[in-house]
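Trainee: sharing a sequence plus its predicted fold:
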Amino acid sequence: MKKVIAGGIMSGTSLDGVDAVLVEISSAGLRTLAFHSAPYPPEVRAALLGVSNCPTHTREISRLNFLLPELYAAAFKQACRKAKVDAGEVVVLGCHGQTIYHEGEPAPVLGHKIASTLQIGDGSVLAARTGVPVVSDFRPADIAAGGKGAPLVPYVDYLLFRGENESRVALNIGGIANITWIPAAAPPEKVIAFDTGPGNMVVDQLITHYSNGESTYDAAGAMAAEGMVHPEIVVELLTDQFFRRKPPKTAGREQYGREFVAALLARNLSPADTVATATYFTAAAIAEGITRFAGGEDNPPAQVIVSGGGVHNKTLLRFLRAELPESEVLRSEVVGIDADAKEAIAFAVLAHETWHGRSSNLPGATGAKRPAVLGKLCQP
C-alpha cells in the first residue's frame, strides 16, 4: 500500500472546540503529520449548547449546520500549514460533526420505535471550502444496520492498540468516557466497546456554573484536588441501571446534561466538594465499566491507555489509578498516539476506510446486525 495523507476533524460533546489532524497512512502503519486545536468562540459554544437536547428553533440548527464547516475548514487549513502539506495532497477528510442529539436506544415515536442521532456541520460546505473529498455523518449507517451509532472509534483502537501478549483497554475521556476492551491477540469480533458514563461533561458544567462562565473546565483537576469526595453520593450515583446494563450501550448529554448537574447542585455541597465528588464519580464509573465488562476482577487489563481531554485532569487520573490498582494507567503518548489528537485521528482512518468502500463499524461494539460502510461522501 502506498503512502496516502488523510485528514480528520473532531468536535466532541465537551463543546470545547475543533481538533484537526493530518495523518500519513501506509502498510507500515500510521504517522501523525500535524495536529491543530481551535477553541470555539464563546458565542459559538453558547449557541451549540442552545440547540443540544433542548427546545430550540430549526433556524438556529440550520444556521449552525452551515457555520460549523467554516470553522472546521479553518482548523484543517491550519493543520495543513503546520504539516507543510498542500490541501490538494490530502486524499480524504473525515469529519465527525457536532452531536446535538444522540439516542441510540429505540424510543416510541408516532407509533414506531426509532433510534436516532444528529450531527451538524454540513459535509458539502466543508468539501467546497477545503477542496478535499469529505466523509461526514458517520453514525446513521450503523443505526440503520441495527446498531446504536456509537462507539465508532473502537475499530481504530483495535488497529492501533491490539497486543499479542497482553490485554488492553483504550479509554477516551472526552465529554463522555468510552472504552474499548481488546483481549490479548483478539480477533475483531472479540472486541467489546461502550460508553462508561460521563467523562469531562459533568465537571465542565460545574466549573462553568461556579465561575459564571469565566472557565469551562477544571484545569489540571485543581479544584477537585481542593475538595473532599463524598463517597456515599458516588455509591448512590452508581446505582443507576445504566452501569449494570450490558454493552453495547451509549451515553450523552441526555443523561449527564443540565438535569443531572442541577440535581448535584441541589445537594448543597461546597463547590470544591461538588467538583471532587463529580470527578471521583467519573473515575468510578469508568472503573465500574472495566471491572464489569472488560476482563472482570479476576482478569484486569494489563494496561489502560488514556486519551482525550481528560488526560489533563491530574486528579481524575489519580482517582482512576486508585480505582484500578491492578492495571497500568498510561497516557496514549506512551504508545505513540497524541492524547488530544486521538479521536480526530480515528475519523481520518474511518474516512480512509469509507473512501475505499470498506466497513468500519464493529458490530460487537455498536450492536449492529452487520458491518456497514460509514458516512456520506461529499465531493468538492
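Mentor: Yes, it's here.
Trainee: show me what contacts the most centrally placed residue in the chain?
Mentor: Geometric centre of the chain, nearest residue: Gly174, 5.1 Å, by C-alpha atoms, centre = their mean. Neighbouring residues of Gly174 by C-beta atoms under 8 Å, 6 or more residues apart in numbering: 12-14, 199-200, 308-310, 343. C-beta here means a position set from N, CA and C on the backbone, and glycine is covered the same way.
Trainee: give me the pLDDT for it.
Mentor: For Gly174, the model assigns a pLDDT of 89.
Trainee: ok, now Asp16?
Mentor: 83.
Trainee: cool, and Leu320?
Mentor: At Leu320, pLDDT is 98.
Trainee: let the chain start at 11 from now.
Mentor: Yep, numbering from 11; the last one is Leu330 now.
Trainee: quick one: it and Ile296 touch, right?
Mentor: Yes. Under the criterion of C-beta atoms under 8 Å, Leu330 makes contact with Ile296 at 6.2 Å.
Trainee: endpoints of stretch 371-389, how far apart?
Mentor: 23 Å (C-alpha to C-alpha, to the nearest Å).
Trainee: wait, is Thr127 part of a strand?
Mentor: Yes. Thr127 sits within a strand when classified using DSSP: H, G, I helix; E, B strand; the rest coil.
Trainee: would JSON lines of the contacts of Gly184 with neighbour count and distance to Leu360 be doable?
Mentor: JSON lines is the format used below for these (neighbours: other C-beta atoms under 10 Å; distance: C-beta to C-beta, whole Å):
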{"residue": "Gly22", "neighbour count": "23", "distance to Leu360": "15"}
{"residue": "Thr23", "neighbour count": "23", "distance to Leu360": "18"}
{"residue": "Ser24", "neighbour count": "23", "distance to Leu360": "20"}
{"residue": "Gly209", "neighbour count": "30", "distance to Leu360": "20"}
{"residue": "Asn210", "neighbour count": "28", "distance to Leu360": "23"}
{"residue": "Gly318", "neighbour count": "23", "distance to Leu360": "17"}
{"residue": "Gly319", "neighbour count": "23", "distance to Leu360": "20"}
{"residue": "Gly320", "neighbour count": "27", "distance to Leu360": "22"}
{"residue": "Glu353", "neighbour count": "26", "distance to Leu360": "10"}
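Trainee: let's see which of the residues you listed end up in helices.
Mentor: Glu353 (DSSP state H).
Trainee: quick one, helices of the protein?
Mentor: 52-59, 68-93, 133-140, 149-154, 164-171, 211-220, 232-236, 241-247, 263-266, 268-275, 281-303, 324-333, 352-365, 373-376.
Trainee: for the third one, C-alpha coordinates in PDB please.
Mentor: Once side chains and other backbone atoms are set aside, the C-alpha atoms of helix 133-140 remain, and they are given as PDB (Å, rounded to 0.1, in the frame of the first residue of the first chain):
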ATOM      1  CA  GLY A 133     -20.000  17.900   4.500                       C
ATOM      2  CA  SER A 134     -20.800  19.600   1.200                       C
ATOM      3  CA  VAL A 135     -19.800  23.000   2.600                       C
ATOM      4  CA  LEU A 136     -16.600  21.600   4.100                       C
ATOM      5  CA  ALA A 137     -15.600  19.900   0.900                       C
ATOM      6  CA  ALA A 138     -16.200  23.200  -1.000                       C
ATOM      7  CA  ARG A 139     -14.200  25.200   1.500                       C
ATOM      8  CA  THR A 140     -11.200  22.800   1.600                       C
END
